[in-house]
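A.B. asks: Sequence and predicted structure, then a few things I'm wondering about:
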Amino acid sequence: MAIRFKLGGYETVAGDPLGRGYVGYFPRMTEDEAWTAGRGVWKASAEKIKRQRFALVVGEGAVRAIAEITGHTEHDTPTGPRIALDGRLLPAGHPVREAYLGRPDPAASGSQNPVGYCDLPEEQPFLLRPCACGCGEKSDRDFLPGHDVRAIQQRVRDRFDGSALKLIQFLDAHPTDGTPATADGGHD
Ligand SMILES: [Zn+2]
């Protein structure tokens, strides 16, 4: 899922927790301006935010900025605790940006709540999942950098007496293209 923040109308503010002079939407704002105005401060669950990868800022019904979330900060305000996101705007060409920037709010519903959540089909390849080496960390690929090599080396130690040659001979004797291995394990 992604989180969506809906900007209100432009207004100047004093004492803003993020040190901004204004919040809200104004026409022709840049992505940077939309992210600055939209990344906080919101009444939202920190636990739920930690599970999101992308944040969309909507103004006047259309998506004005999309960022990858890198963290969040919590702020005490006179009206209660609020959250702001840290993030990086998605670069041109990113499939999530290309699918939604400038387009209608994908989280639009009858709700007046400016904070909403939605599933984006385009985000699926980017969602974090457990590293396949079993280290317990998360990655948006099968393995964290270098962990694929570590996982292979572990198997060489555990199952081939630490011999890469035995692993290679085993693989050569067990083709993965569906053809049966020959009796001597070689080809022709
Ligand atoms: Zn790993």
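C.D. replies: Perfect, I can see it now.
A.B. asks: which strand of the protein spans the most residues?
C.D. replies: If you go by DSSP state E, the chain has its longest strand at strand 62-77.
A.B. asks: Grab the CA positions of that one and hand them over as CSV.
C.D. replies: Included here for strand 62-77 are C-alpha records, laid out as CSV according to Å, rounded to 0.1, in the frame of the first residue of the first chain:
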residue,chain,number,x,y,z
ALA,A,62,-4.6,15.4,-8.9
VAL,A,63,-1.3,13.9,-7.8
ARG,A,64,1.4,16.6,-7.4
ALA,A,65,4.3,14.7,-6.0
ILE,A,66,5.3,11.1,-5.3
ALA,A,67,8.2,10.2,-3.0
GLU,A,68,9.9,7.1,-1.7
ILE,A,69,9.6,7.2,2.1
THR,A,70,12.9,7.1,3.9
GLY,A,71,11.8,7.8,7.4
HIS,A,72,9.5,9.9,9.6
THR,A,73,9.6,12.4,12.5
GLU,A,74,7.1,12.8,15.3
HIS,A,75,6.0,16.3,16.5
ASP,A,76,4.1,17.5,19.5
THR,A,77,1.7,20.3,18.5
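A.B. asks: so what's the most centrally placed residue in the chain up against?
C.D. replies: Relative to the mean C-alpha position of the chain, the nearest C-alpha, by C-alpha atoms, centre = their mean, is the one of Arg53, at 2.8 Å. Neighbour list for Arg53: Ala2, Glu68, Ile69, Glu123, Phe126, Leu127, Leu128, Asp140 [criterion: C-beta atoms under 8 Å, 6 or more residues apart in numbering]. Any C-beta I mention is one placed from the backbone N, CA and C, and that applies to glycine too.
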